[in-house]
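Q: Build me a model:
(one chain, ligands or ions: 3)
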Amino acid sequence: MTLRGLYAITDSQLLAGRFLSHVEAALEGGVCLLQYRDKSDDAARRLREAQALQQLCERYGTQLLINDDAELARHLGVGVHLGQTDGPLNPARALLGSAAIIGSTCHASLDLAAQAAREGASYVAFGRFFTSSTKPGAPAADVRLLAQARAQVNLPIAAIGGVTLDNAAALVHHGADLLAVIHGLFGADSAQEVTRRARAFNALFAS
Ligand SMILES: Cc1ncc(COP(=O)(O)OP(=O)(O)O)c(N)n1
Ligand SMILES: Cc1nc(C(=O)O)sc1CCOP(=O)(O)O
Ligand SMILES: [Mg+2]
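A: Ligands and ions are numbered 1, 2, ... in the order given. This next block holds a predicted model:
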């Protein structure tokens, strides 16, 4: 499976009251990966929402990943995204199996990316590349890191953090395979605008 294109990530606050409609609008525009990211500890709601996203993803042929929670991913039979404080990759791979998509946050570190590759990650994520209203305190990364990663890491590369249609082309140009986006996609006022943005993000990979 080719991991290349828009990687949409949900945000429970931003999507309050329009969760499924905005996500479906994004899927309509084309989403390579969808990550369910909910930082609450409301396990029942998390299960319910993740199941609803799984149904949508099945309809649109999109791969679902769960942020942080390998157990929930295992329950649903989907992939997981793990940060540096979310537990090691090896047990997650053992839990989810060889076919599961497992992503790893590498901040601005090629060493972390090499380690993630050794431990069986499916893709590595670098960022944040721009100012992020969702996660303003995330460590910063420079776009030139992407070309270095391209040369040294034999895995798809996701770029995250403040990605918008105004700045995403540079990330693709420097080597990003996946544009991981929250606000730049789901911050739109209407479902139609979400779909338009999703299409526009994907068009950056066409040339
Ligand atoms: C695609 C992608 N990249 C990075 C992250 C950040 O993961 P993490 O550092 O664990 O931070 P939280 O998202 O858990 O706050 C991500 N979720 N997705
Ligand atoms: C969840 C997350 N992780 C980041 C990292 O740098 O690891 S930046 C980030 C927030 C991404 O949201 P937005 O597209 O709204 O900036
Ligand atoms: Mg995390």
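Q: Around ligand 2, pick out the residues from this protein.
A: Residues of the chain lying near ligand 2 by Cβ under 6 Å from any ligand atom: 105, 127-128, 132-135, 138, 160-163, 181-184. C-beta here means a position set from N, CA and C on the backbone, and glycine is covered the same way.
Q: run the last query once more with 8 Å
A: Neighbours of ligand 2 within the chain, by Cβ under 8 Å from any ligand atom: 9, 11, 14, 37, 67, 83, 105, 107, 125-135, 138-139, 141, 160-163, 180-185, 187.
Q: Would you write out the PyMOL command that picks the buried residues out of the residues you listed?
A: The buried residues among the residues of the chain next to ligand 2 can be selected in PyMOL (16 or more other Cβ atoms under 10 Å) with this line:
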select buried, resi 9+11+14+37+67+105+107+125+126+127+128+129+130+132+134+138+141+160+161+162+163+180+181+182+183+184+185+187
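Q: Of the residues of the chain next to ligand 2, which ones also sit close to ligand 1?
A: 9, 37, 67, 83, 105, 107, 125, 127, 135, 138, 160, 180.
Q: which of these are close to ligand 3?
A: When contact is defined as Cβ under 5 Å from the ion, those meet ligand 3 at residue 83.
Q: so what's the residue of the chain found nearest ligand 1 up against?
A: Ligand 1 sits closest to residue 83 of the chain, with a gap of 1.9 Å, by Cβ to the nearest ligand atom. Residues near residue 83 by Cβ atoms under 8 Å, 6 or more residues apart in numbering: 68, 104-105.
Q: on that earlier part again, out of the ones next to ligand 1 among the residues of the chain next to ligand 2, which is nearest to ligand 3?
A: Looking at these and their distance to ligand 3, the nearest is residue 83, at 3.3 Å (Cβ to the ion).
Q: Residue 164 contacts residue 130, doesn't it?
A: Yes: Residue 164 is in contact with residue 130 according to Cβ atoms under 8 Å; the separation is 7.5 Å.
Q: With ligand 3 as the reference, measure out to residue 157.
A: Computed as Cβ to the ion, to the nearest Å, the residue 157 to ligand 3 distance reads 18 Å.
Q: Ok, residue 139 next?
A: With Cβ to the ion as the criterion, residue 139 and ligand 3 are 13 Å apart.
Q: Next one, pLDDT for the closest residue to that residue other than its chain neighbours please.
A: Excluding the flanking residues, the one nearest residue 139 by Cβ to Cβ, 6 or more residues apart in numbering is residue 107, at 4.8 Å. pLDDT, residue 107: 98.
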